[in-house]
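In: build me a model from this:
(one chain, ligands or ions: 1)
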Amino acid sequence: MTSQPQDSTLSKWLIHVEVRLKLRSSARYETIKNAVYAHVTSYETLYIPSTLEGWKDVPELADAVERIIVCESACPKSSLPVQEMAIQVHVYQPTDGDAFEEYGNNGGQQGEEDETMAATMCELPNQQYEGLWDSLIYADNVKMKLLDYIQATLILSDANIDYNLVSWNRVVLLHGPPGTGKTSLCRALAQKIAIRFSHRYSNARLLEINSHSLFSKWFSESGKLVQKLFSGITDLIEEEDGFVVVLIDEVESLTAARAGAMAGTEPSDGLRVVNALLTQLDKLKHRKNVLIMATSNLVQAIDSAFVDRADIIQFVDLPSREAIYDILRSCLCEMTSKGVVAGTDVPSLAQVRLYGLLDEPSIEDESPQDRSNSTGKRLLSLATSCQLQGMSGRALRKLPVLALARYIGVGNVVLSHTAPSHPSGLLQGAPVEVWLNGLERAVREQIEEKGKVNQEHK
Ligand SMILES: Nc1ncnc2c1ncn2[C@@H]1O[C@H](COP(=O)(O)OP(=O)(O)OP(=O)(O)O)[C@@H](O)[C@H]1O
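Out: Predicted coordinates for the structure are as follows:
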């Protein structure tokens, strides 16, 4: 890996700093942006990525700001002198997480008799998607690659590049096994784009199309529903300083039908839906302020004409052992911070590598450092079992619930606000060793259950 900026003629690394304002703050973005820039550039070195703390001493920031983060970047170093950085500050204020609207087939207007809920829409950046980006863990820098690619297309659109000479369709397709975070990744990307391009677009929206509902209730009219839905989208993007991300989940259910119709095994309604979708996508490709993201578990089932239109086709795989370690570690750290696990440090993967934990003989662990090493070793071996079983991110994030319910016992984790008379008055979590035992047993249970399902399928 290079330690120079991507282009050696550029001498600085582009580093994004994201500033989240408090929900009810009325501070001016420009004022905050300047104050944050001044603050950030007063550091000699910044860690990448990191959450900054020292700004709370600056009164205008303390009043308005909730969090400042230095985002991960293409720079392979974990810290960098500020003078080697080209810093871009993005100030944003997420909207209320409950502000989701149903977006009907008649373009969002309520009251018509044949109303079918075909999509939901929310404002971005949205409180509900805060933290989602960081919670998703992938090998190979998948998140950054996708974000960079999407940003590249937006920059070229903004530059009014002649579409006949350099062209793209504004369609991104993520495919892979169930539960690998494809839908979540699309939402997290949409949120990032809204934050990074807030200087360019005064508002951004995410519209999620429910592929099933387009087909289900008014099956024979689905072609028309697609048209109505997209004409609603076209209305939204008339506003040039608004950006719209359209997420089509499980796109194969919309597009698999054409092959069937052509082979005579599907009714022609399916064909109409696919044709309508393709026509509408083609109409959108000249619009600067829209991005279509689609997900699928079954890429073979997607109409090839749709796949052809995708600029980026990204396979999202089951998590690697390292990613599993980080996912499980993030579960343990969250539960430790909330007092459900009685604390010990769970070492990061970098620390695990540094200490060569796997190669060490098993020792009687006594000091806090030994205890933390022992936790790291056990977690890594758990991650190996999960990977061998091909567990998805979704299955992994459920493990703590299973472990608590079945193996640790809900009575063994006492929270101070549910048992305020507890002598210490503090949260009383179960020790990390108990949690690891519970997690190991929960994984074994999952393996056995999976074996039974496979047996039934034979
Ligand atoms: N790589 C990952 N890192 C962290 N969490 C993950 C990962 N993959 C999945 N998850 C978690 O699993 C849950 C389910 O993810 P999501 O619904 O986005 O997956 P999906 O691939 O779209 O699933 P499906 O194909 O079944 O619709 C999310 O809550 C997410 O937090």
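In: phi, psi of the closest residue to the ligand within the stretch 251-400 of the chain?
Out: Residue nearest to the ligand within the stretch 251-400 of the chain (Cβ to the nearest ligand atom): residue 393, separated by 2.1 Å. Quick note: C-beta positions are derived from backbone N, CA and C, even for glycine. For residue 393, the backbone dihedrals (degrees, to the nearest 10) come out as phi -60, psi -40.
In: tell me, how many residues neighbour it?
Out: Neighbourhood size, residue 393 [other Cβ atoms under 10 Å]: 23.
In: correct me, but it touches residue 178?
Out: No: in this structure, residue 393 is not within contact of residue 178 by Cβ atoms under 8 Å, at 10.2 Å.
In: skipping adjacent residues, who's closest to residue 345 in space?
Out: residue 372 (4.3 Å; Cβ to Cβ, 6 or more residues apart in numbering).
In: residues contacting the nearest residue to residue 14 once chain neighbours are set aside?
Out: Closest residue to residue 14 apart from its sequence neighbours, by Cβ to Cβ, 6+ apart: residue 86 at 5.0 Å. Applying Cβ atoms under 8 Å, 6 or more residues apart in numbering to residue 86 gives the contacts 12, 13, 14, 15.
In: surely the second one is in contact with residue 75?
Out: So that's residue 13. Yes: contact criterion Cβ under 8 Å: residue 13 and residue 75 qualify, at 4.3 Å.
In: now the phi/psi pair for the residue in the stretch 151-300 of the chain that the ligand sits nearest to, please.
Out: Here the stretch 151-300 of the chain gets closest to the ligand at one residue, residue 181, 2.9 Å apart by Cβ to the nearest ligand atom. Backbone geometry at residue 181, expressed as degrees, to the nearest 10, gives phi 90, psi 20.
In: tell me the secondary structure at residue 88.
Out: Here residue 88 takes the strand state, with states given by DSSP: H, G, I helix; E, B strand; the rest coil.
In: going forward, begin numbering at 32 instead of 1
Out: I'll keep to 32 as the first residue from here, and by that count the last item is residue 119.
In: now do the residue of the stretch 182-331 of the chain closest to the ligand against residue 424, distance only.
Out: Plainly put, residue 212 is 5 Å away from residue 424 if you go by Cβ to Cβ, to the nearest Å.
In: report pLDDT for residue 284.
Out: You'll see residue 284 listed with a pLDDT of 79.
In: would you mark the buried spots in stretch 169-182?
Out: Within stretch 169-182, the residues that count as buried by 16 or more other Cβ atoms under 10 Å are 169, 173, 174, 177, 178, 180, 181.
In: quick one: which of these is nearest to residue 281?
Out: Set against residue 281, the nearest of these by Cβ to Cβ is residue 177 (19.0 Å).
In: what packs against the helix or strand that closest one falls within?
Out: Here residue 177 sits within helix 173-189, counting by DSSP states H and E. Judged by 3 or more Cβ pairs under 8 Å, 6 or more residues apart in numbering; DSSP states H and E, helix 173-189 is in contact with strand 202-206, helix 213-227, strand 321-327, strand 343-346.
In: and residue 376, which of these is closest to it?
Out: Here helix 213-227 is closest among those (Cβ to Cβ), at 27.3 Å.
In: given the following helix or strand past that closest one, what are its sheet partners and their directions?
Out: Using DSSP H and E, the helix or strand that directly follows helix 213-227 along the chain is strand 234-241. Using DSSP bridges, strand 234-241 pairs in its sheet with strand 148-155 (antiparallel), strand 273-280 (parallel).
In: which pLDDT value belongs to residue 166?
Out: On pLDDT, residue 166 comes in at 96.
In: the one 5 residues further on too?
Out: We have a pLDDT of 84 for residue 171.
In: format the strands paired with strand 234-241 as TSV; extra columns: mean pLDDT and distance to residue 324.
Out: Converted to TSV, the strands paired with strand 234-241 look like this (pLDDT from 0 to 100; distance: least, Cβ to Cβ, whole Å):
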stretch	mean pLDDT	distance to residue 324
strand 148-155	85	13
strand 273-280	94	5
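In: sweet, I'm off.
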